[in-house]
Structures are given as structure tokens and as C-alpha cells.
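Colleague: Test case, fold it:
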Amino acid sequence: MNAHGYLAAQLRRRRIDFRTDENCIVEVADPAVLQNIAEGFDAALVERIARRWLAMTPDPLTPQERAAGYPTRLSIYQAEFCDNVVFYKTQVLNRIYEPLLKDHLHLGRLDTVKVLFDRRITRRTPGRFATRVLRQGVVSCLKVFYKKSFLKQYHKGGRVLRTEVCINDPADFGVRKSLVHLEYLNRIANHAVTRFLKAQAVVRSAALDRSTFERIVMPSEQGGKRVPGIRFGAPRSMRMLEALGCAGLSLRAFSNADLRRTLTERLGVPAEQATVARIGYELRKLRGKRLVRKAMGQNLYTLTDLGYRVAIYFTKLHQRVLTPLLDSADRSLRSDPMPPTHSADRALQRLNAELDALVEQSGLKHAA
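Modeller: Okay, here's the model as predicted:
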């Protein structure tokens, strides 16, 4: 049963104008009516429609079995829940979506999947946990797997960005296949989609203005106390921000021990550089910069929206801009420099040429 088809049929019955793109409603004359119809699509409605269909098919039970009290119950073979964002221009959708693919490849890791789907996962939990990017022509699809189920995000008709949770086995979430569990599975799917989209929204707005950047990297005062700056480019600071933004700690509450474990096991920081005291000092500094907050009455921390933006922005700037440019500068000092192969190298050459032209045009002398 396809809920999109049901919504379209109800709109036709009410003679409300609408337009679809494949099976997605992209325009409607009365959005409030559409919302009311969608909210009424629940397990009870599904059962009524299914019973009406079953009445038109041969009964698998004999009259004697019916008389003996054997009922037929409906179960969930597969359930899909989705969120659709409609764009007016395909170019805008592509410009937004393609960078997001690169930024969310880490979501298939165990420590992130268990937060995304709100499940307890250990190394002995059976199933598949991974992230895959599938491409068909120019269309990409991002999939995050959890056991037999998965979350995926993809283009729909070049205008719709659809985020969808596909539950292939309700047992993945601790319930049986009975239709009565449809609302519970809906809540789980909505929870996963909401967290996923929030993380993407923060990543898209990760750019920092000059004053915010300076407040983070320079010493400041918070509550009458001096807070040291977070040194951009310093190995310790960059590993700390990478752990917070890109290693699974951004979507859940974490402790001092969780952060130490991520730094040592995932990012290769020596244990002597990730002691309890040193990580505690770094956490106090992050709290002073309002990048993390402490959970009330617990020794747990959560990343603020600003903290997630700073972690993503600093990590991108360091790994995708600063490091390639510094490596390029090292190669240019060789007696037989190799032709540039990295896109950042070629961009740097173009930038140097444009700056030389600007200096020449301005009548300024080149620095010795």
C-alpha cells in the first residue's frame, strides 16, 4: 500500500488541485487539507483498506476454520517512512546535495548508527552497519544500514530530496510484525530522519563569520574567567574537533572516557596525550567557548549547534584547504617539481596567477 497514492486519491475525491512528480506531491492548492489527510493515515486506516481488499479475494480459510475461531491478522512485511523537500530548480538541489554526500560518509559507523536509530549496538550485534553511496548516471543515493533496515537519501525526479527509512524487519527495533506496531515504527523512523536532517542543516550552515572565528581562536572571558583560545592548525586542537564533529560524538551525549576512546582508537592519538586530566582541560575550554554543554547532574557533554558548526568548519578548512596547500608548497620547493595533480594544487596555481596579475595591474612590487 502506497500512502502517496492514497493521498492523491483523497485529493481528487475532494476536487483539490495538485501536481505530482512520480509518486510525490510537489504542489497542492490547499496544504492544510493535505496535512489533515496525511495525519489520518494510521494503522486503523491501513487495516480498513486491507480488509476491504481481502473481501474481494478468495478466503484462505475454510468456513469450518472460521467457525472454529481462527482469525486472520495483518502483519508488516516492509514499512517505508519518508520526508520530502521540494526544490524549484534541479541545479539548486544538486549544489546542496552533492557536498552533503561527502560530509556524511561516517554515518554508517556503529557509534553513529546507534544514535541515529536510537538503538543499543555492541560488537556482537548481528547485521550490517555501513554507509554506501550509489550512483546511477548523475543521480546519487546515500544509504546508512542498520541490520536489515536502512536510511537512504536520494533525488526524486530532479526536484525532490527524499530522506527515507526502510524497515525490512520490525524485529530490528524490538517488536513483532503485527500491524499494531506501525505507529511505534513511525516514531522511530521520524526520530532518525529528524536527527539526520538536523545534522545536515548544521553542516550546510557551518561557515563562520570573522568575529566568531576570532572569538574561538583568541583568548576570551566567560563568567569572569579567562578561556584560552582554540588554536587552529594545532594537532591537539584539530584532533579534538575532528573527534567531536566527524567521529560519531556529534549526535549523542558523551563522557570524558568516550572522547578519550575516540581519540586513541579512531584518530591514533597516543594514550599518554589523552589522559583524563588533559581531556578534562580541553572540555573546560570547549565549554568556555560554548561549543559543548554539560548535561544537568551528569558527567556527560553534548555538542551545541555552534560547536558542531565550528568542528565541521575547522576540520574542513584544515583537511581540504590548508593541508593540501601546504603540501603543494613543499613540492614547489623541489628542484624537479611534479605537475599538479590535486585539484587544490591547480586552484592554487590559478590563484597565484590572478594575484600576480592584480599586483602588476596595481603597480605594486613583488615581495622579495
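Colleague: hey, where'd the strands end up in the stretch 101-250 of the chain?
Modeller: Under the criterion DSSP state E, counting those that start in this stretch, the stretch 101-250 of the chain contains strands at 131-136, 139-146, 149-156, 160-167, 220-222, 225-227.
Colleague: between those strands, which gets nearest to G288?
Modeller: strand 225-227 (3.3 Å; C-beta to C-beta). Bear in mind the C-beta positions are built from the backbone N, C-alpha and C, glycine included.
Colleague: Mind listing what's buried along that closest one?
Modeller: Judged by neighbour count using 16 or more other C-beta atoms under 10 Å, the buried positions of strand 225-227 are V227.
Colleague: Can you list the strands that that strand pairs with?
Modeller: Paired with strand 225-227 in the same sheet, following DSSP bridges, are strand 220-222 (antiparallel).
Colleague: pLDDT on the strand it pairs with, on average?
Modeller: The pLDDT scores in strand 220-222 average 86.
Colleague: Can you list the neighbours in contact with that strand?
Modeller: R226, V227, G229, G288, K289, R290 (C-beta atoms under 8 Å, 6 or more residues apart in numbering).
Colleague: to the chain's geometric centre, what's the distance from that strand?
Modeller: Taking C-alpha atoms, centre = their mean, to the nearest Å, one finds strand 220-222 lying 32 Å from the centre of the chain it belongs to.
Colleague: same deal with stretch 199-209?
Modeller: Distance of stretch 199-209 from the chain centroid (C-alpha atoms, centre = their mean) equals 12 Å.
Colleague: Equivalent analysis for stretch 90-103, please.
Modeller: With C-alpha atoms, centre = their mean, you get 13 Å for stretch 90-103.
Colleague: Which residue is most remote from the mean position of this structure?
Modeller: Going by C-alpha atoms, centre = their mean, the residue of the chain most distant from its centre is Q64, 54.1 Å out.
Colleague: Under the pLDDT cut-off, which ranges of the protein? List them.
Modeller: Within the chain, the stretches with pLDDT under 70 are 102-139, 203, 205-206, 246-248, 250-251, 325, 327-345, 359, 361-368.
Colleague: What residue spans form the domains of it?
Modeller: Domain assignment for the chain by automatic domain parsing gives 75-204, 210-314.
Colleague: thinking again about what came up before, with respect to Y77, which of the strands of the stretch 101-250 of the chain lies nearest?
Modeller: The closest of the strands of the stretch 101-250 of the chain to Y77 is strand 160-167. By C-beta to C-beta, the value is 10.1 Å.
Colleague: buried sites along stretch 298-312?
Modeller: Of all the residues in stretch 298-312, those buried under the rule 16+ other C-beta under 10 Å are Y301, T302, L303, T304, L306, G307, Y308, R309, V310, A311, I312.
Colleague: Could you list which of those belong to helices?
Modeller: Assignment to helices by DSSP state H places the following of the buried residues of stretch 298-312 there: L306, G307, Y308, R309, V310, A311, I312.
Colleague: can you list those residues in TSV and add distance to E80?
Modeller: Formatted as TSV, those follow (distance: C-beta to C-beta, whole Å):
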residue	distance to E80
L306	35
G307	33
Y308	29
R309	32
V310	36
A311	32
I312	30
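Colleague: Considering the contacts of strand 220-222, which is situated nearest to V33?
Modeller: Closest approach to V33 among the contacts of strand 220-222 (C-beta to C-beta): R290, at 43.3 Å.
Colleague: Just the element for the closest one, please.
Modeller: Using DSSP states H and E, R290 maps to neither a helix nor a strand.
Colleague: shouldn't it be in contact with D305?
Modeller: No. With contact defined as C-beta atoms under 8 Å, R290 and D305 do not form a contacting pair (10.1 Å).
Colleague: if I look at the two, which residues touch both of them?
Modeller: When contacts are counted by C-beta under 8 Å, 6+ apart, the set common to R290 and D305 is empty.
Colleague: and H181, how far is that from I167?
Modeller: Per C-beta to C-beta, to the nearest Å, H181 is found 10 Å from I167.
Colleague: Then L74?
Modeller: Computed as C-beta to C-beta, the L74 to I167 distance reads 16 Å.
Colleague: And for F314?
Modeller: According to C-beta to C-beta, F314 stands 36 Å off from I167.
Colleague: Which residues lie in contact with the nearest residue to L74 once chain neighbours are set aside in this structure?
Modeller: Leaving aside its sequence neighbours, L74 sits nearest to L179 (C-beta to C-beta, 6 or more residues apart in numbering; 4.3 Å). Contacts for L179 (C-beta under 8 Å, 6+ apart) come out as A43, V46, E47, R73, L74, S75, I76.
Colleague: Please apply the same query to R66.
Modeller: R66 is in contact with D59, counting by C-beta under 8 Å, 6+ apart.
Colleague: Tell me how far the residue nearest the centre of the chain lies from C24.
Modeller: Centrality entry for the chain: nearest residue to the mean C-alpha point is F196, 3.9 Å, by C-alpha atoms, centre = their mean. Distance of F196 to C24, computed by C-beta to C-beta: 19 Å.
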